[in-house]
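Okay, sequence plus prediction incoming.
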Amino acid sequence: MQKLASRIGLALLIFTSVALVNASAQDTLRHGIVPLPKPRAGQWFERVWGDPDAVGKAFVARIHADRGYIVLPHSHPIDENIVILQGEWAFAMGARYVPSELAVINVGGFAFGPKDMPHFAWSKTDSTIQVHGVGPFSSKLVDPAYDLTDTGVFLLTYLLRPGTPTDSAPADCFAWKLGTRVRGENAKGSVIGARCSPANRLTQYWVRGDDGEQYWALFQDLKLDK
């Protein structure tokens with residue numbers, strides 16, 4: 001009976017410890033389960049478990065991107081483990097964006113980005129990936145980029161972090177202003193943002209279609225909608 005009581009006590013202790021771990025997670029976490037969020041437009045970062053900024057601590061996060069979004073070459077100070085949760089997402093290693101190197105990964109597929117090794121990606125469709133590892137997690141661009149937003153132009157040295165306001169973007173970075181009417185292969189719409197990478201010789205425009213859908217496209221894949 002004493003052995004049985006000890007085992008029951010140990011089980012209760014383990015159960016209580018797990019419950020406390022679950023209870024200390026983010027407010028969205030219930031019973032260790034975090035459902036997939038409903039798809040929404042834009043590029044966004046969701047903390048699922050733990051703190052990606054904490055040193056030596058495990059974390060899980062999710063990143064969503066609209067169709068056509070190019071993730072410029074970057075690296076992380078830790079190993080990055082990636083699982084595709086929604087959509088089709090393409091991934092490749094390298095310090096320059098080379099579309100022919102990309103390998104499309106479908107839902108359930110896994111990709112691995114080794115510590116300090118540059119890599120890049122592309123969202124073939126609206127996509128959500130789940131990233132896990134041991135922090136701190138950051139995404140340093142191999143080369144700086146520029147963002148065109150409704151509050152001005154910003155210099156980016158990291159992804160997933162705010163940029164620094166600047167007036168020094170190359171003159172040929174942004175041929176079109178916000179609100180410019182454009183048409184792509186399948187849709188017409190208005191420019192709502194853009195990102196320029198001089199090192200990779202590309203500018204991608206963020207477009208809101210007349211149907212309300214949002215997508216990204218390279219400058220050369222769009223035309224003015226006159």
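The structure has been received and is ready for your questions. Keep in mind that this is a model prediction, so the values were computed, not measured.

distance between the ends of stretch 71-86?
Taking CA to CA, to the nearest Å, stretch 71-86 runs 16 Å from one end to the other.

For that stretch, the averaged confidence score.
Confidence for stretch 71-86, expressed as mean pLDDT, is 97.

Quick check: buried residues in it?
If you call a residue buried by 16 or more other CB atoms under 10 Å, then stretch 71-86 has these buried ones: 71-76, 78, 80, 82-86. C-beta coordinates here come from the backbone N, C-alpha and C atoms, glycine included.

May I ask which two of those residues are separated the most?
Ser75 and Gln86 (24.8 Å; CB to CB).

thought Trp122 was touching Pro99?
Yes. The criterion here is CB atoms under 8 Å, and Trp122 meets it with Pro99 at 7.3 Å.

Which of the helices or strands spans the residue positioned nearest the centre of the chain?
With distances taken as CA atoms, centre = their mean, the chain has Ile63 as the residue nearest its mean C-alpha position (3.9 Å). Assigned by DSSP states H and E, Ile63 belongs to strand 58-65.

what packs against that strand?
Strand 58-65 is packed against strand 44-49, strand 127-134, with contacts defined by 3 or more CB pairs under 8 Å, 6 or more residues apart in numbering; DSSP states H and E.

Could you list every helix and strand in contact with the helix or strand that it is followed by?
Downstream of strand 58-65, the first helix or strand assigned by DSSP H and E is strand 70-75. Using 3+ CB pairs under 8 Å, 6+ apart, the elements in contact with strand 70-75 are strand 119-123, strand 139-149, strand 152-159, strand 188-197.

before we move on, the earlier item: quickly run through the sheet partners of the strand holding Ile63, with directions.
strand 44-49 (antiparallel), strand 127-134 (antiparallel) (DSSP bridges).

What residues sit buried inside that strand?
59-65.

swap in stretch 146-166?
146-148, 153-154, 156, 159, 163.

From one end of it to the other, what's the distance?
Length of stretch 146-166, first residue to last, CA to CA: 9 Å.

Now do the contacts for Phe137.
Contact analysis of Phe137 by CB atoms under 8 Å, 6 or more residues apart in numbering lists 52-53, 59, 61, 76-78, 80, 131.

what does the domain assignment say about this structure?
Residue ranges for the domains of the chain, per automatic domain parsing: 1-33, 44-140, 143-224.

worst average pLDDT in these?
Comparing mean pLDDT across the domains of the chain, the lowest value falls on domain 1-33: a mean of 40.

wouldn't Arg47 be in contact with Phe59 here?
Yes. Here Arg47 reaches Phe59: they are 7.4 Å apart, a contact under CB under 8 Å.

hang on, the earlier thing: now the helices and strands packed on strand 70-75 as TSV including distance to Leu224?
Shown next, in TSV, are the helices and strands packed on strand 70-75 (distance: least, CB to CB, whole Å):
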stretch	distance to Leu224
strand 119-123	24
strand 139-149	17
strand 152-159	21
strand 188-197	10
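
Select, out of those strands, the one closest to Ala95.
Closest of these to Ala95 is strand 139-149, at 4.8 Å (criterion: CB to CB).

What's opposite the closest residue to Leu72 other than its chain neighbours in the beta bridge?
Spatial nearest neighbour of Leu72, excluding adjacent residues (CB to CB, 6 or more residues apart in numbering): Ser197 at 5.3 Å. Residues in a beta bridge with Ser197, per DSSP bridges, are Leu202.

Give me the neighbour count for Ser197.
22 (other CB atoms under 10 Å).
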